[in-house]
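1. got a predicted structure here, sequence first:
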Amino acid sequence: MYVEEDDAYERFNKEDINNLNQLNYNFVLSQRFVNVKDSEGKYFRCQTPFLKVLKPVHVTLNKKKTIAKKYIILETNDDLDFNGQIGDFLLIINKIHEISQEKIKNHSLEWFNTEFDDIGLDIKVRRPIDLQKDNEFIRICIPKNKEIEDMVNNLSTEDYILCNIVFKGLKVSNDYITEEWELEDFITQEKFNQLQSCEEYLNNNELVEKVATLLDVEEHNEGIQLNQDDAQVDTQVDVQLNQDDVQVDARVDAQLNQDDTQNDAQLNQDDAQVNSQKKLLEDSEISIVEVNETILEDEKEISMNTIEKSELVKKKKSKEKNNKKSINEKILENKLNRTEKSSSFSVDSSLFSGTYMKENTVKPIKKHSKKIIFT
């Protein structure tokens, strides 16, 4: 998070700059490096002003002709310092340089098995700031971070950048002891101006929100007062309405009780009439039921008589039929008997007549037929 230019060094200057003396210097022989951290084990960090890019990437080689370090080179000329920010930044760099020289002088025998005088220290301990062709510049180490490397590669000369840098410590070589500052992050002037415009816009919105909030608070307080006044008025009105309601309810209850009494009397009278009519109706219904039952019994009796008469007629007819049949049968039997007798008589007569005719040679006698009458 970047701070505005006007506040970058004002905040730092308010701190006790002598606290830089509390930094701990620890030499690691195997790494040939002096680590510098505070009592909490953290590196010292600060922020640069906007500095002009002289060279985005400067490569240094080791004895094996391979890349040892990559640096970004930024211009720090005082003639570009319009508001004293570069001077404040250089003050911090120089203060760190003085403390580093002092620490090396105090531990030279322990660390390097030799002693350095003031002249030897100036020659041996090199500041990150250098001067060439009237251009003062600072070398800042580029970390092995692809994102930061890509951002640096996209820079061009004449760009101005604001950097967050970290003081890592002292790099020890056979010839020099170099103070190393490492690039942690940066932003271009163009990007910063865009963000600043956005922040101004947001700040304006925040101001509007603050005003709106104040207005809301004021309206809220007025609303509370109005609610209190309304509550008092409502209480008074409720009391008066309750009194009026009590009086009205008393009058209404009295009138309702009177009306209920009259209505009850009328209803009792109407109920008596209805009960009387109901009783008459029930009596009438009982009489009708009795008549209907009598009629049904009569009809039943008539039906039974009719059925009995019908049965008697049927029996009589059957009896007559049977009697008639027996008479016819008797007549038929008599007729048959007579027929048989007549037949026998005729045969005997013929026999007799034939014999008589042969013997006497008499002419036949003409017989007259007789009719049999059945009675």
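-> Noted; the coordinates are in hand. Numbering: from 1, shown residues only.

2. please report phi then psi for the residue nearest to Thr48 when sequence neighbours are not counted.
-> Leaving aside its chain neighbours, Thr48 sits nearest to Cys163 (4.5 Å; criterion: CB to CB, 6 or more residues apart in numbering). All C-beta atoms are positioned from the backbone trio N, CA, C, and that covers glycine. The phi/psi pair for Cys163 (degrees, to the nearest 10) reads phi -120, psi 150.

3. how about Gln47?
-> phi -120, psi 140.

4. can you check Ile187 too?
-> Main-chain torsions, Ile187, degrees, to the nearest 10: phi -150, psi 140.

5. for the stretch 1-150 of the chain, which segments count as strands?
-> 24-28, 33-37, 44-47, 51-61, 67-75, 125-126, 129-132, 135-141 (DSSP state E, counting those that start in this stretch).

6. same list (these) but as CSV, adding mean neighbour count.
-> CSV is the format used below for the strands of the stretch 1-150 of the chain (neighbours: other CB atoms under 10 Å):
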stretch, mean neighbour count
strand 24-28, 14
strand 33-37, 18
strand 44-47, 18
strand 51-61, 16
strand 67-75, 18
strand 125-126, 20
strand 129-132, 12
strand 135-141, 20
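
7. quick one: the residue nearest to Thr48 and Asn113, what's the gap?
-> 37 Å (CB to CB, to the nearest Å).

8. the two: who's more crowded?
-> Neighbours per residue (other CB atoms under 10 Å) separate Cys163 from Asn113, with Cys163 holding more: 21 against 7.

9. quick revisit: which one of the strands of the stretch 1-150 of the chain lies closest to Ser100?
-> Minimum separation from Ser100 across those (CB to CB) falls at strand 125-126, 6.2 Å.

10. just checking, what packs against the closest one?
-> helix 85-112, strand 177-188 (3 or more CB pairs under 8 Å, 6 or more residues apart in numbering; DSSP states H and E).

11. contacts only, for Leu121.
-> By CB atoms under 8 Å, 6 or more residues apart in numbering, the contact list for Leu121 reads Gln101, Ile104, Lys105.

12. show me where this protein has helices.
-> 5-13, 85-112, 118-124, 146-153, 189-360 (DSSP state H).

13. confidence-wise, which of these is weakest overall?
-> For those, mean pLDDT drops lowest on helix 5-13, to a mean of 47.

14. ok, Leu170 touching Glu180?
-> Yes. Between Leu170 and Glu180 there is a contact at 7.1 Å, judged by CB atoms under 8 Å.

15. thinking again about what came up before, from Lys42, how far out is the residue nearest to Thr48?
-> Distance, Cys163 to Lys42, by CB to CB: 18 Å.

16. cool, and Phe192?
-> Distance from Phe192 to Lys42, counting by CB to CB: 26 Å.

17. higher neighbour count, these two?
-> Using other CB under 10 Å as the criterion, Phe192 and Lys42 rank with Phe192 on top: 17 against 9.

18. I figured the more buried one hits Phe186, correct?
-> No. The criterion here is CB under 8 Å, and Phe192 misses it with Phe186 at 10.0 Å.

19. now for these two: what residues contact both?
-> Joint contacts of Phe192 and Phe186 (CB under 8 Å, 6+ apart) are Leu162.

20. ok so, going back, and of the strands of the stretch 1-150 of the chain, who's closest to Ser156?
-> When the strands of the stretch 1-150 of the chain are compared by CB to CB, strand 51-61 sits nearest Ser156, at 7.0 Å.
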